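Asks: Next input, structure requested:
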Amino acid sequence: MKKMMIFLSLVLVSSTVLADQKATITCTGENVILLEKSPYLGEDSKFTQSLYVLKSVDATSESEYTAFFLNVAKQTVAGTTILTGKNEVGGKFKLEYKKMQDVGNGDVIDLEGPGVLTYSHGTLSGKNEPVKCVIE
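Replies: Alright, predicted model coming up:
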């Protein structure tokens, strides 16, 4: 009985933790993937923040052909959401997408839609690359 109570407590706590997670975006194109990791507690921050990772679709590890962005601004103009990111070594990206469609199952909200990504960081470079974005 005691084991059952512990198990139920763990299930309840884990479901509460999952429900409080911030929605994140992942955009996949022909050449690159842009994904948001949140919460990110690194870089000596006292506050949670999002880390955006831009990587080649051919990358075999997270350090190969990868750029990291903590300085990201979000704005909405005439129904279009624009994310712009910069990093300390001169890398940058700009993602634009319009309102997305809900493709969730009723219990979970998943939004999908097309976007356009322009990026520049070392060997990663592209302009107006079509991407499929998912917010979960």
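
Asks: can you give me the helices in the protein?
Replies: Ranges of helices in the chain, per DSSP state H, are 2-19.

Asks: low-scoring stretches of the chain, by residue?
Replies: 1-21, 40-48 (pLDDT under 70).

Asks: Quick test: name the residue nearest the centre of it.
Replies: Residue closest to the mean C-alpha point of the chain, counted by Cα atoms, centre = their mean, is E36 at 2.0 Å.

Asks: from what I can see that residue touches Y52, true?
Replies: Yes. The criterion here is Cβ atoms under 8 Å, and E36 meets it with Y52 at 5.4 Å. Heads up, the C-betas are built off the backbone N, CA and C, glycines and all.

Asks: Quick check: V131 touching L34?
Replies: Yes. If you go by Cβ under 8 Å, V131 and L34 touch, sitting 7.2 Å apart.

Asks: any residues in contact with both of these two?
Replies: C27, L95, L117 (Cβ atoms under 8 Å, 6 or more residues apart in numbering).

Asks: residues contacting the last one?
Replies: When contacts are counted by Cβ under 8 Å, 6+ apart, L117 touches C27, G29, V32, L34, F93, K94, L95, E96, G126, N128, E129, V131.

Asks: Could you identify the most distant pair in those?
Replies: V32 and E96 (15.0 Å; Cβ to Cβ).

Asks: who's more crowded, those two?
Replies: V32 (25 against 18; other Cβ atoms under 10 Å).
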